[in-house]
Structure formats: C-alpha cells, structure tokens
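Enquirer: okay, here's the prediction I keep looking at, along with the sequence it came from:
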Amino acid sequence: QHYFIQSNLSTMSEGSGVAILTSGGDAPGMNAAVRAVIRYLTHYHTPVFCVWEGYEGLCSGGDCIKEMKWKDALGILSKGGTMIGTARSAAFRTREGRKKAAGNLVSRKINSLVVIGGDGSLTGASIFKTEWPDLVKELVEEGVVSAENAQVCSYLNIAGMVGSIDNDLCGTDMTIGTDSALHRIVDAIDCLASTASSHMRTFIVEVMGRHCGYLALMSAIAVSCDWVFIPEAPPDADWEEHMVRRMQRASSSTKRFGLVIIAEGAHDCEGNPISADYVKKLLAGHGMDVRTTVLGHVQRGGRPTAFDRTLGSRLGCEAAKMMLEGKRKEIDPCIISLKSNQIIRMPLMDAIKRTMSVKECFQAKDFAKAQELRGPSFSKRVEMSQMLSVMEVKPEEEGGRMNIGVVFIGAPAPGMNSGLRALVKIAAYHGHHVTVYHEGVDGIMSDNHEVVSPEQCELWNLRGGCVPGANRTTINPGNISLVLESFKKLKLSSLVIFGGFEAVTSLLNLSDSTHIPVYLVPCTISNNVPGSDFSVGCDTALNSIVLSVDTIKQSAASTRKRVFIIDVMGGNCGYLAVVSGLASGADAVYIPEQPVNIDELQCDAYRVMDKIAQGIHRGIIIRNENSSWNYKNDFVTAIYNEEGKDKFVTRSSILGHIQQGYSPSPFDRVLAAQLACKVYRDLVGRVKKPSITCEDVLVVGIQGQGSHFTPVKDLDMDIARRVPKKNWWLELVPLIQTLALPPNITEGNSSVTHGCSHCKRAHDAPY
C-alpha cells in the first residue's frame, strides 16, 4: 500500500523555481491547492515560492515573495480563505507593472507560475506569458537582471486553477470553493425554513452569482424553493402574475412558507435587473408577509468542505506535476480542471473565451446559448428546478396515469428523502402517482404502503435518514413470489429502489422474474455500489468524518505528541478512508483493497515518530473498519503505542454512526434529485415496451460524461465482497503520504534507525 508518486519526473532545471499566487476573490479550498503545490514540489526538491497578496505582491517583490519549506504548509488544509492573501492589482494591469513582476521572478530564477483565481486573474497570466520574452530582454538591457538568470528564465510556464465560488468558468465541472459556498447557502436556508414556517412568511434569499446562476440553481434544487431567478434563464414576460399565485399557494400549504432564491445578477428577458427589493414589494403588495435575507460574504467564509479540500489537493498536485514536466521546455498555458471526475488540462484561453461568450449571449439575449455554454446538464437542471416547485398532481397525461412504486433497501443514507421527493414531484408534474412501501421489503410483505403527494414530502429533503423507513431485508428466492404479487395488485408501472449493495442483490434476484422495469438509485455512505462513481449519502458521510478528524487533530496538537487511530465505516470498500484521509491530511490510510502487514504497520509508526521528532506534534491514521480481520483498531493502536514508547501516545477513536450525518449535504441532495429525474425520463419510454427483460433491470449512476444506466447483469463487481472491481478513487492513495509526510521521511532518510527496508522499496516503486 505504501507507495509514493514516482515517475520519470525529476527536479526542475538547476536553479529554476516555481511561484504560486492567489488572485481575485478568495474561495474555500485555495489553501488545499497551495499546500498541494508546496508539498508536491518539495517532494522533488524543487524551489517553490509563495507570492503574498496576489499580483500586487508580484509587482512589489521584496518580502511579498518568499521561498517555502514543507512545514510552511502545516495546518492550512482546514482553513478557509487563502493563507497567502489576495488583492486586485492596478499595477499588474499596466505593462510597466508586469515588467516589474517579471524582474522580481527572474531575479529569483523563477520561470514557472501557478495562478489560482477567476477568469480575470487567468487572463492576466496569459498576457504576462505572451509578453515575457520581451520583458526579460528589456530587463537584461537595463541591467535589472543578469544574463545568466535571463537564460534560465527564457520562457514562463503557466498553470491555472480556478478559485471561484460562482463556478462560472466554462469547461470545468466544479471550481474550488463552489461546494463550500453551497453548504453555507443551504445551511442558512434550512435555518430560515423553521422561522418562516412559524410565521407563515415568504423569504427572499439573495445569493452571489453576478454572471452565473449556478449557486442559486443548485441551492434551489437542494432546498424547498418555490421560485428561482438566475441570469441564464430569465422568467417570461408575465412572470409577476404567475409568481404571486405560486407563492400564495406555498404559504397556504402544509409547508406554511414560501421561498424565493435570487442570484445577484438576475434579470428579465429584456435584460432589466430583477432585485430582491423589487420582488419583496411585489409580493408584499398582494398581502404577503415578506422578509429579505442577503447572505453576502458569509458564502465565502468558513472551513472548506471535504469536496473542496480534495479538489484543491488534486488540482494542486496536477499543476505541480505540469510545472515539473516543463522543466526544460516551454509548455502551453493550461487550466487544471475537473471534468467527469477526472483531472484534465485544458488550453487556458479556450476556457476564458468560452466563459466570455456567456456574457456576450446575455447582451444578445440568447439565453438558450448561454445555458448550452454552461454545459450539457445546466439546462436539464433548470427544467428540474421548475418541476420540483410543483405542489399538486396535474391531470393525467395522454396514455393514462402511471403508478410508480418505491422501496428503500439497505441502511439509511443521507439524501434518500431528497431522491424520493424529486421523484414524487416530477411524476406529479406529469400527472402520475408514486406509491411508497414503508419499512423496505418488509413493507412489501405486509402490504404497508401509501401514495405520497407532493405536498406531503415537501420538506423531506431537509431531513437525514429515510422517512418511509428502510432495512436490510432483501428480495430473495424465498419471498419473490409475494413481491411480484404485490406489484401486480397495485398495478405498478415500474419500481424504483433506493439503497446500497442489498439493493443490488435484490435487483439481481428480480432480473429474471419482473414484468415491470426496475431501477436502482445508489444510496449508501460506503459508496460501494457498482455502476456509479458516487452513491447518494457518501458526501454527507465524508463531511461528517472530516469535521470529526479536524476536531481530533486540534485535540492531538493541543496535548502534543499524540497519534490517533481513527476507525471509519465502509465495509469492504475503502472510499471513505481514502478520500477523508486526503481531505484531512492523514499520515496513512488502511483499506481492504490494499492490505497491510505487520512490517508496514511498524514502518508507519516510525514515520510518524520521525514527523513528531521534527516538531509536528500530532499524527492521524485513518483505518477502514474491514481493512484487516486481525489488525483491528485496538491492535493497530497497541502497535503504535509499543513502537512509539516515550516518543508519542496513541489513542483510538471509532466514529461509528455519526458518519451517517444529520442533514444531507447539498451534493447528496442534488445528486439524488438528478438521478431520480434521470430515472423518470427513462421509465416513461421503457414502460411502453411490449415485453420486459433483464435488460430493463438497471442501475443509474454517475460515470464519466454524465449519468448512465447499466443493466444489473452487466455490473463488474465482486458479489462476495460486495464491492465494484474497479475504483477510480484508488488513484488518490499515492497523494496522501506524498502530501502528509516530509520529503526526508518519504525517501527513507529516517532520523530513527529501525532497520526497515520498506521505506526504500516504497520510494523506488514506480507510479
């Protein structure tokens, strides 16, 4: 398991270094990216400099540009904002300012620059690179820099990462900070819901997004929103009349309140701004009790979520790798971005030009094109948000009213309720019913079911767990005849199962017997359902784990020289251990997919000992609950205690069911709604087939380019171990110790002589 990132990469050309800066608005997760760049490059003994205060510091030079060591990135992973500061620079907008910036870099033999910021910051970097050869030539002629330094810095390599809570750069699925901002918005609206309901009030919540409605749109899907305004989808000309009716209906429903979310850049179809104050006056003029909440910069603040820490770390490592690859040659400027869960490089100016095209579409009032530029899923989410605002079942469509069955199989997972609510609302929008079985398969056997109305489940998405109830009873050969009889009795058009691997087993047993299409929406914190990169619930669990680890780290650092062995859930799947390990800065992770032996446990104990000897007063080891049948948490704790002796004290912590979370994260709510919507769109056509086969028993999941359906018979899985055979997240394992342990330890240059050859083997292993 203990191998590090090794390849044919070597250190930079002699004397050359890399600088990193953050520019524009701050975003949670920037520190994770800065930490990754510093530690990845120091791992390869490459000089790395941080530029304080963005481009302004680059122009000022002096103490604003400092060389960093491995320890300088200690403790910043969990902090919001940016530790190296950010500022908008008037000087860098001028050629003379950029000339000073070039001089400050060349004088330090820096020929590579990593920029974290928005489209303006990245555009500035592109201009800087274009002018670089002429600027360096002029600096040599003026005697500002030496010819030797100029030769080392004959070109400038640029790697960009997008740090923006607005998620407004086209060509990337998510930008650093967006997920954290969504958490702030959704948490605030969840709190507003209780006070709004108490007084039967309507709340108007303004969120950031001057040129992009992503935050408003995603938060509208995640909460019980009745109307959303975003720049990409302005309302129709007569929107005021429709809005008043809908808000009156919402306030008089069992929900007892209305909710409007408005992006700060919202406008009507003619381009006229729509403000929160205007909407408030409109609704108050019709007798409603209205309040306005402008969330403002609270959306930028606070600690980054697990997703943003992981994203920042992955992007930062790739940016550093790109700088190493350009050690002896000039490479085209790129933006490091996330696409279909893969880290990719895309030409910098191509992404910037596409983003600028969105603003041009706004001016031309071509809003359909603007949505298209945002990505293929954006317009579908706009449509989904409209369907989720329905409060009643519409008259049945041509072809008759469908009755869609729903059952929950397996352990409860945060986000299950959001998926059910979305399915009920979308079905009602098209004139169909949803019948829900209570208490899982036991409810099928006992005839315990009900038709759930849109109004009834309106606020279920705010709740964790599973409102209708779930258990681990599966559909099996012993009860399948009664199950099929229940389907026929209720005249179900199709069945949708929400659940984990127990649901997969049930799907397999149904595949050769069912007369209706059957779908599985993966819902499990373990993220072990094959056919999907993510399961509903795993993001909430990750955030629960990371918050707990942050708390434990604070305790460990305060008491000094303390190591914690933290046990997390996951069954035979190491997803939670690996991703939480990367997001929390763990020193090592133990997972079933990569078993450890006693020598490796001892080796890890000595590595932690070395780390503590260097003044880092804590250690964190994350262990999957099934990483070994023999090396349990107590045993691993005993090993560390024995090897650490008087060097450190080891404690054990088993997080248990706290990992199932309280309220689902925005990611899990939106994912559940997205998959439920995908299921509905597919079953409408599939129920019309003359005959149903095993090809109509499907798992819906997120894989590669969007969501896909996979027949259960085609799933690539290990049924005995209840896991997929391929796991994308295993590629994150090498990052964990590369970023967590100082270079002298990862290279086997231990200050403690323990006679273990494993460190040397690990260092020499290819990546």
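Expert: Sure thing, it's come through. Residues are numbered from 1 along each chain as shown.
Enquirer: do you know how far residue 570 is from residue 530?
Expert: Residue 570 sits 15 Å away from residue 530, going by CB to CB, to the nearest Å. C-betas here are computed from N, CA, C, even on glycine.
Enquirer: neighbour count winner among those two?
Expert: Neighbours were counted for residue 570 and for residue 530 using other CB atoms under 10 Å; residue 570 has more, 26 against 23.
Enquirer: okay, and the more buried one sits in which element?
Expert: Secondary structure assignment for residue 570, by DSSP states H and E: no helix or strand.
Enquirer: let me see the contact set for it.
Expert: 525, 526, 527, 528, 576, 577, 591, 624, 625, 626 (CB atoms under 8 Å, 6 or more residues apart in numbering).
Enquirer: tell me the one of those residues nearest residue 365?
Expert: residue 527 (42.7 Å; CB to CB).
Enquirer: what residue ranges in the stretch 501-650 of the chain score low on pLDDT?
Expert: Along the stretch 501-650 of the chain, the model assigns pLDDT under 70 to no residue.
Enquirer: and the helices in it?
Expert: 501-510, 538-559, 575-584, 598-613, 633-644 (DSSP state H, counting those that start in this stretch).
Enquirer: the longest one packs against which elements?
Expert: Just to be clear, that refers to helix 538-559. Where contact means 3 or more CB pairs under 8 Å, 6 or more residues apart in numbering; DSSP states H and E, helix 538-559 is packed against helix 306-325, strand 562-568, helix 575-584, strand 618-624, helix 666-686.
Enquirer: go through it and flag the buried ones.
Expert: 538-549, 552-553, 556 (16 or more other CB atoms under 10 Å).
Enquirer: could you give the angle of that helix to helix 666-686?
Expert: Interaxial angle of helix 538-559 relative to helix 666-686 (axes from the mean of the first three to the mean of the last three CA atoms, to 10 degrees): 170 degrees.
Enquirer: related to what we said a few turns ago, let me know the closest of the contacts of residue 570 to residue 303.
Expert: For the contacts of residue 570, the nearest to residue 303 is residue 576 (19.0 Å; CB to CB).
Enquirer: strands along the stretch 101-250 of the chain, start to end?
Expert: Taking DSSP state E, counting those that start in this stretch, the strands of the stretch 101-250 of the chain run over residues 110-117, 157-162, 202-207, 227-229.
Enquirer: quick one: closest of the ones you listed to residue 383.
Expert: Residue 383 sits nearest to strand 227-229 of all the strands of the stretch 101-250 of the chain, at 12.1 Å, using CB to CB.
Enquirer: identify the residues contacting that closest one?
Expert: 213, 216-217, 220, 235, 243, 246-247, 259-263, 266, 274, 279, 385, 389.
Enquirer: hmm, residue 59 is touching residue 95, no?
Expert: No. In this structure residue 59 lies outside contact range of residue 95 using CB atoms under 8 Å: 11.6 Å.
Enquirer: the more surrounded of the two?
Expert: Neighbours were counted for residue 59 and for residue 95 using other CB under 10 Å; residue 59 has more, 24 against 12.
Enquirer: re the thing from before, need the max-distance pair from the contacts of residue 570.
Expert: Of all pairs in the contacts of residue 570, the most separated under CB to CB is 525 and 591 at 15.3 Å.
Enquirer: neighbour-wise, which of the two wins?
Expert: Set residue 525 next to residue 591 and count neighbours by other CB under 10 Å: residue 525 wins out with 33 against 28.
Enquirer: quick check: residue 534 vs residue 418, distance?
Expert: In this view, residue 534 and residue 418 are 14 Å apart by CB to CB.
Enquirer: comparing the two, which residue is more hemmed in?
Expert: For residue 534 versus residue 418, the count of surrounding residues by other CB under 10 Å is larger for residue 418: 31 against 21.
Enquirer: right, I'll leave it there.
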